[in-house]
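Novice: predicted model and sequence follow; I will ask about them next.
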Amino acid sequence: MTRFACILRRLPRLLVTRPATRPAARLAVYWLASLVLPLLASCALIHHDSPPAALIAPQQIRLADDIHLANEGWPSARWWEQYRDPQLDTLVDLALAHAPTLAIAREHVSQAHAQVELIRAGSGLQMSALADADRERVSGHGFLSAYASHDPAIGADGPWYWTALVGVGAHYDIDIWGKQRDLVRAALGEQNARRAEAAQAELELSAGVAQLYYSIQITYASLDLLRQLREVRAFELDTRSARHERGLEALTQTAGARAQLLAVDQQIASTEEQVVHAREALRALAGVGPGDLPAIAPVPLPAPAASLPSTLSYELLARRPDLQAMRWLVQASFDRIDAAKAAFYPSFDITAFFGFNALRMRDLFLHSSQQINLIPGLSLPIFDGGRLNANLHGARTASNTLIEQYDQAVLDAVRDVAQSGSEIDDLDHRVHLQRDRIDALRFASDSAEASYQTGLGDRMSAMQAKAPVIEGHLGLVQLTGDEIEAGIVLTRALGGGYRSDDLPGDPAGTKVR
């Protein structure tokens, strides 16, 4: 039983112990109690409401002690501009303006806003104009049977009549318990969740564009090195073929050189195809036609750049739009629970009508045909077959499910940041090792070139010594690409430049109900 009903149940005892001083007032109170209390005594009861699930503890929103992020500061709103690449800026802006995924996300926001307006409108005064005309035959055995015959004394000339009604009606629900208010707040929470989801869609889009763009740049750099390697392999094949023709080498050496050249040609063909695939993926992501995607020219690869916090804490919740969207959904679920509880209380409304009502069309607008209705209403759930309890149980279960999903999403977000940060540290170490390896290979290549220049070695040996250096640079390009990719992934895991205060009423202080 609700607290309100329990208080009213005690009203008779209070009347006995503290009777009203005036007999009329005491009689009115007894009359009200005798009318209301039997209804409240038989109203629907909240049989069982399970406890809410627990929101994740703040201490779980941090990295392990052995994981440290590189720099200080969170990503900026236009985080991709830190790479200082005008081509990338143009592509991201193009995608943000034309991508279908963003159009869909914005439509979801508009739909949620329309739902807010719809629910909010239901809590206000409803007015409508009414007009009705009815041609009817009066039954000789009904309530108006006297009018079924011809009787001038009473104005009957039946049995056929035109009846008409015209006027203005109004209805107003008195939201004493805040049910409509809770439904409006729940709808607002849904709207804010959709706005956060739209921000998440923008983040996913910009990150996807940056990843595809730098995959193309990595491919360009790899192609340049593969073509250099092909020159080395082609020179080796030509040299060995000439030696074989002079009988200085076996055909086996020539066949081996040819196989190495063909392997490089295969790599070049595969890499060129990767450029085509990446461009088409980028065009589809941006939502533009074949002629609308600007040409992408090769540029030097940037140094990995990211603005990262030195530690991770509760602020991650306000920086991740997907977490904020789920948080708003949790808040909306609390409001739905409150609305489900308010449904157990009695509801009050007022219906009114002013207009004209007549049995004959010619009498419709006479002063005597005026009709005025003022109907206060009380509705109290008594026996509902368990519908209200089922509704409350469903709202609570849905809320607990959202809380559990939110808790898991927070843990996954911390995991994503930890894994990306750790990967960047590992890649940075591997890049330094690869640079040291290239320095060693370059020393050997420079020595072979010096020997050839001084006549102590042949040219083919000098060219062969260049191949490991080129292959080392190919490995360095791939590691650099992986490091750029990891930086973009980490930026996305940190929420890009999103801030939860972009939305009204930050739910960070939401209390579980």
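Specialist: Cool, the structure landed. Numbers count the residues shown, from 1 in each chain.
Novice: three-state assignment of residue 171?
Specialist: Classification of residue 171 by DSSP: H, G, I helix; E, B strand; the rest coil places it in strand.
Novice: the residue nearest the centre of the chain: which element?
Specialist: The centroid of the chain falls nearest to residue 197 when counting by C-alpha atoms, centre = their mean (2.3 Å). Following DSSP states H and E, one finds residue 197 within helix 179-245.
Novice: domain map for the chain?
Specialist: Domains of the chain are assigned by automatic domain parsing as 1-42, 51-123+175-346+381-509.
Novice: which stretches of the protein aren't confidently modelled?
Specialist: 1-44, 58-59, 62-72, 305-308, 310-311, 501-513 (pLDDT under 70).
Novice: all strands for it, in order.
Specialist: For the chain, the strands defined by DSSP state E occupy 126-137, 150-151, 156-157, 160-174, 347-358, 370-379.
Novice: how about the CA coordinates for the longest one, as PDB?
Specialist: Coordinates of the C-alpha atoms in strand 160-174 are reproduced here as PDB (Å, rounded to 0.1, in the frame of the first residue of the first chain):
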ATOM      1  CA  TRP A 160     -37.700  10.500 -37.700                       C
ATOM      2  CA  TYR A 161     -35.600  13.300 -36.200                       C
ATOM      3  CA  TRP A 162     -32.400  15.300 -36.900                       C
ATOM      4  CA  THR A 163     -30.400  15.700 -33.700                       C
ATOM      5  CA  ALA A 164     -27.400  18.000 -33.500                       C
ATOM      6  CA  LEU A 165     -24.600  18.900 -31.100                       C
ATOM      7  CA  VAL A 166     -22.100  21.600 -31.500                       C
ATOM      8  CA  GLY A 167     -19.700  23.200 -29.000                       C
ATOM      9  CA  VAL A 168     -16.300  23.200 -27.300                       C
ATOM     10  CA  GLY A 169     -15.000  20.400 -25.100                       C
ATOM     11  CA  ALA A 170     -12.000  20.500 -22.700                       C
ATOM     12  CA  HIS A 171     -10.200  17.900 -20.600                       C
ATOM     13  CA  TYR A 172      -7.400  18.300 -18.100                       C
ATOM     14  CA  ASP A 173      -5.600  15.600 -16.100                       C
ATOM     15  CA  ILE A 174      -4.500  16.800 -12.700                       C
END
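Novice: can you put the domains of the chain in JSON lines and add distance to residue 375?
Specialist: (Each C-beta comes from the backbone N, C-alpha and C, glycine too.) Output for the domains of the chain, formatted as JSON lines (distance: least, C-beta to C-beta, whole Å):
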{"stretch": "domain 1-42", "distance to residue 375": "17"}
{"stretch": "domain 51-123+175-346+381-509", "distance to residue 375": "16"}
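Novice: deepest-packed of the ones you listed, please.
Specialist: For those, average neighbour numbers computed from mean count of other C-beta atoms under 10 Å are highest in domain 51-123+175-346+381-509, which has a mean of 17.
Novice: now that one: how far from the chain's centre is it?
Specialist: Distance, stretch centre to chain centre, for domain 51-123+175-346+381-509: 17 Å (C-alpha atoms, centre = their mean, to the nearest Å).
Novice: endpoints of stretch 291-298, how far apart?
Specialist: One end of stretch 291-298 to the other measures 19 Å (C-alpha to C-alpha, to the nearest Å).
Novice: scratch that, stretch 297-304 is what I was asking about
Specialist: 20 Å.
Novice: pull the residues that contact it.
Specialist: With contacts defined as C-beta atoms under 8 Å, 6 or more residues apart in numbering, stretch 297-304 is touched by 83-85, 87, 214, 217-218, 220-221, 224, 424, 428, 477, 480-481, 483-484, 486-487.
Novice: swap in 6 Å and give it another go.
Specialist: 83, 220, 480, 483, 484, 487 (C-beta atoms under 6 Å, 6 or more residues apart in numbering).
Novice: ok, those vs residue 265, which is closest?
Specialist: residue 220 (17.8 Å; C-beta to C-beta).
Novice: and that closest one, what is it in contact with?
Specialist: The contact partners of residue 220, by C-beta under 6 Å, 6+ apart, come to residue 298.
Novice: separation between it and residue 277?
Specialist: Residue 220 sits 14 Å away from residue 277, going by C-beta to C-beta, to the nearest Å.
Novice: dump the residue contacts of the residue nearest to the centre of the chain.
Specialist: residue 325.
Novice: cutoff 10 Å now
Specialist: For residue 197, the contacting residues are 105, 108, 109, 112, 321, 322, 324, 325, 326, 328, 329, by C-beta atoms under 10 Å, 6 or more residues apart in numbering.
Novice: and it, how far from residue 331?
Specialist: Separation of residue 197 from residue 331 (C-beta to C-beta): 15 Å.
Novice: give me the nearest residue to residue 304, chain neighbours excluded.
Specialist: residue 483 (4.5 Å; C-beta to C-beta, 6 or more residues apart in numbering).
Novice: do I have it right that that neighbour meets residue 432?
Specialist: No - the criterion here is C-beta atoms under 10 Å, and residue 483 misses it with residue 432 at 11.2 Å.
Novice: these two touch, right, residue 224 and residue 231?
Specialist: No - taking C-beta under 10 Å as the definition, residue 224 is not a contact partner of residue 231, at 11.4 Å.
Novice: find residues that contact each of the two.
Specialist: Common neighbours of residue 224 and residue 231, counting by C-beta under 10 Å, 6+ apart, are residue 470.
Novice: picking up where we left off before, with distance to residue 294 added, can I get the contacts of stretch 297-304 in a markdown table?
Specialist: Formatted as a markdown table, these follow (distance: C-beta to C-beta, whole Å):
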| residue | distance to residue 294 |
| --- | --- |
| 83 | 17 |
| 220 | 15 |
| 480 | 24 |
| 483 | 26 |
| 484 | 20 |
| 487 | 24 |
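Novice: does residue 342 really touch residue 179, like I thought?
Specialist: Yes - at 3.7 Å, residue 342 and residue 179 qualify as touching, with contact defined as C-beta under 10 Å.
Novice: please report how far the nearest residue to residue 392 once chain neighbours are set aside lies from residue 46.
Specialist: The shortest distance from residue 392 to any non-neighbouring residue, by C-beta to C-beta, 6+ apart, is to residue 340 (4.2 Å). For residue 340, the distance to residue 46 (C-beta to C-beta) stands at 9 Å.
Novice: please enumerate the shared neighbours of these two.
Specialist: By C-beta under 10 Å, 6+ apart, residue 340 and residue 46 have these common neighbours: 388, 389, 392, 393.
Novice: which residues touch residue 462?
Specialist: Contacts of residue 462 by C-beta under 10 Å, 6+ apart are 235, 445, 446, 447, 448, 449, 450, 451, 452, 453.
Novice: what sits closest to it if chain neighbours are left out?
Specialist: residue 452 (4.0 Å).
Novice: pretty sure residue 316 contacts residue 417?
Specialist: Yes - with contacts counted by C-beta under 10 Å, residue 316 reaches residue 417, the gap being 7.3 Å.
Novice: just the helices in the stretch 251-400 of the chain please.
Specialist: 251-286, 316-319, 321-342, 387-453 (DSSP state H, counting those that start in this stretch).
Novice: quick one: closest of those helices to residue 124.
Specialist: Of the helices of the stretch 251-400 of the chain, nearest to residue 124 by C-beta to C-beta is helix 321-342, at 17.0 Å.
Novice: separation between the residue located most distally from the centre of the chain and residue 141?
Specialist: Distance to the chain centre peaks in the chain at residue 153, reaching 73.9 Å (criterion: C-alpha atoms, centre = their mean). Per C-beta to C-beta, residue 153 is found 21 Å from residue 141.
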